[in-house]
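Q: sequence and predicted model, in that order:
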Amino acid sequence: MTPPGRLRAVAGPADRPDPPEKPVPAKPVGFLHLGSLQRRLLLAALALVTAALLVAGLAIGLVLHRFVRAQLDSRLDSQLVALAASLQRGPGERLRLDRALDGPPFDRPRSGWYWQVRQGQDTLRSESLEGRDLRLPGPARPPRERDPDRPEPGDGTGPWDESLILRIRVLPPEGGGPPAHLVASAPAQALNGPLREAGLALAAILGILGLCLVAGTVAQVRLGLRPLERLRRDVAEVRAGRRHRIPAKQPAEIRPLVGEVNALLDQNAANLERARTHVANLAHGLKTPLATLTLALSDRTRDPDGGLADLVGAMDRQVRHHLRRARAAALGGGTRTRTELAGPLADLRTTFGRLYAEKRLAIDLDLPAGLAVACDPQDVDEMLGNLIDNACQWSRGRVRVTAAATEAGVAVTVADDGPGLDAEAAARAVRPGGRLDESVPGHGFGLSITRELAELYGGGLHLARSDLGGLGVRLLLPA
């Protein structure tokens with residue numbers, strides 16, 4: 001069973017406001033809210049470049065298609081013109097050509113390059129058809145709207161089921177005879193093949209162009225965001241105290257923001273000046289009555305045993321300490337000093353080793369060399385003094401102090417081999433005035449002050465069972 005009265009207080013009470021709650025960051029809203037301006041700009045640029053390249057590829061592909069089709073139609077139209085000029089009526093009124101028109105490529109069988117002339121029952125064919133007929137589509141326009149000098153386009157299927165591109169020309173009848181239908185064809189591959197080759201070349205060119213555009217966009221975004229990085233460094237220098245204001249020489253887009261930040265810095269400087277004045281007034285208002293009490297208690301008739309003088313002296317030291325801390329906060333803002341732990345811990349081990357000499361305590365220190373915290377030295381002495389004093393008070397013979405750097409800061413653990421505390425008693429021990437044993441001297445403010453000091457620096461205090469069997473107090477401070 002855990003005995004009551006585990007800890008005693010070392011320091012007096014100190015009223016401090018609770019630390020302000022940290023604001024909860026707003027959750028990202030929307031797809032483009034990705035937490036990085038550079039990422040948003042790059043994704044937007046990538047989307048626009050991709051859309052532009054797709055539109056350009058489609059437009060160029062359409063132009064290429066029209067160009068190749070126009071070249072193909074022109075070649076077929078030339079064949080139709082030659083056929084129309086060579087048509088004649090031979091003996092027995094048979095349709096014939098006055099010259100051979102089966103030059104390449106119309107002389108290759110089953111090549112898709114065909115021509116055919118049909119008038120009534122007479123039909124003339126290219127050698128490539130090998131005596132077979134072309135299956136012609138129906139007329140695209142009525143006879144009245146046809147222009148005999150302008151061939152009509154069409155798509156058809158050859159005798160061997162190959163896809164063909166057709167050009168059809170209808171010549172008006174002569175002497176009351178039927179009209180003559182002239183057809184010239186080319187294989188669909190003659191259009192698709194060049195388009196496929198050109199499309200692959202175009203895709204490669206557009207891909208290289210896209211990579212160049214993306215690389216240029218990355219360079220442009222980084223160059224454009226460089227003033228923000230400079231601004232971040234300037235703000236860090238202001239926060240570290242190396243500057244008082246952000247330089248006004250900034251790009252036009254950032255200049256208004258810099259002006260607002262500088263105005264805020266000026267306002268904070270004015271507030272700090274008022275705070276310094278209030279601290280000075282408070283120091284004067286407190287130290288003067290304490291000095292009067294000290295002078296009055298110097299008379300032994302008023303303070304025979306000197307106890308009141310000691311209390312007044314302790315009050316004066318506490319007032320001076322806290323006034324120095326308030327003055328330092330007003331002067332330096334968030335700037336903190338650097339305190340190495342090895343020196344204070346060694347001094348405290350010597351001090352408490354003498355105070356508890358009758359217990360013959362073994363106070364072990366285990367910490368790396370050069371380990372430091374960003375706290376005031378007097379605050380470090382007060383916090384560690386409270387913890388080590390409590391451990392020595394309840395220890396049976398061994399106290400161990402360890403310190404190590406963690407991701408959150410520096411963790412100092414003070415463990416002892418005493419009776420320890422249960423969870424409920426530990427919770428009461430860190431409350432102001434939370435004394436667990438009235439028989440032990442003290443006021444019950446030691447752990448609460450230590451916890452408040454740690455929280456003032458952004459750290460914390462945690463109580464648990466130690467591996468030595470007693471209480472283990474873990475103090476977390478900023479590195």
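A: Right, received. Where do you want to start? Please read all numbers here as calculations on a predicted model, not as lab measurements. Numbers count the residues shown, from 1 in each chain.

Q: helix/strand/coil for residue 104?
A: coil (DSSP: H, G, I helix; E, B strand; the rest coil).

Q: repeat for residue 401
A: Residue 401 ends up strand, using three-state DSSP.

Q: give me the neighbour count for it.
A: 23 (other Cβ atoms under 10 Å). For every residue, glycine as well, the C-beta is placed using N, CA and C.

Q: now residue 151
A: So residue 151, with other Cβ under 10 Å, has 23 neighbours.

Q: who touches the helix or strand containing residue 165?
A: Under the criterion of DSSP states H and E, residue 165 resides in strand 163-171. The contact list for strand 163-171, computed with Cβ atoms under 8 Å, 6 or more residues apart in numbering, reads 69, 72-73, 76-77, 80, 84, 87, 112, 114, 134, 136-137, 139, 143, 146, 148, 150-158, 179-188, 190-191.

Q: those, buried ones only, as a PyMOL selection?
A: Only the buried entries of the contacts of strand 163-171 go into this PyMOL selection, using 16 or more other Cβ atoms under 10 Å:
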select buried, resi 72+73+76+80+84+87+112+114+134+146+151+154+156+158+179+180+181+182+183+184+185+186+187+188+190+191
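
Q: list the ones among the contacts of strand 163-171 that fall in strands.
A: Mapping the contacts of strand 163-171 onto strands (DSSP state E) picks out 87, 114, 152-157, 180-187.

Q: which of those sits closest to residue 370?
A: residue 187 (84.2 Å; Cβ to Cβ).

Q: residue 66 looks like it's in a helix, true?
A: Yes. Checked against three-state DSSP, residue 66 lies within a helix.

Q: how far away is it from residue 85?
A: 28 Å (Cβ to Cβ, to the nearest Å).

Q: burial count for residue 459?
A: Residues near residue 459, counting by other Cβ under 10 Å: 22.

Q: ok, residue 212 next?
A: So residue 212, with other Cβ under 10 Å, has 11 neighbours.

Q: any idea which element it lies in?
A: helix 189-240.

Q: who does that helix touch, helix- and strand-wise?
A: helix 37-86, helix 255-297 (3 or more Cβ pairs under 8 Å, 6 or more residues apart in numbering; DSSP states H and E).

Q: show me where pLDDT drops low in the stretch 101-250 of the chain?
A: Residues of the stretch 101-250 of the chain that meet the criterion pLDDT under 70 lie in 138-148, 174-176, 240-241.

Q: show me the contacts for the residue nearest to residue 352 when sequence neighbours are not counted.
A: In space, and not counting its chain neighbours, residue 352 is closest to residue 392: 4.9 Å by Cβ to Cβ, 6 or more residues apart in numbering. By Cβ under 8 Å, 6+ apart, the contact set of residue 392 is 352, 355-356, 359, 361, 363, 399, 416.

Q: how does it look with 7 Å?
A: 352, 356, 361, 399 (Cβ atoms under 7 Å, 6 or more residues apart in numbering).

Q: most neighbours of all these, which one?
A: residue 399 (30 neighbours).
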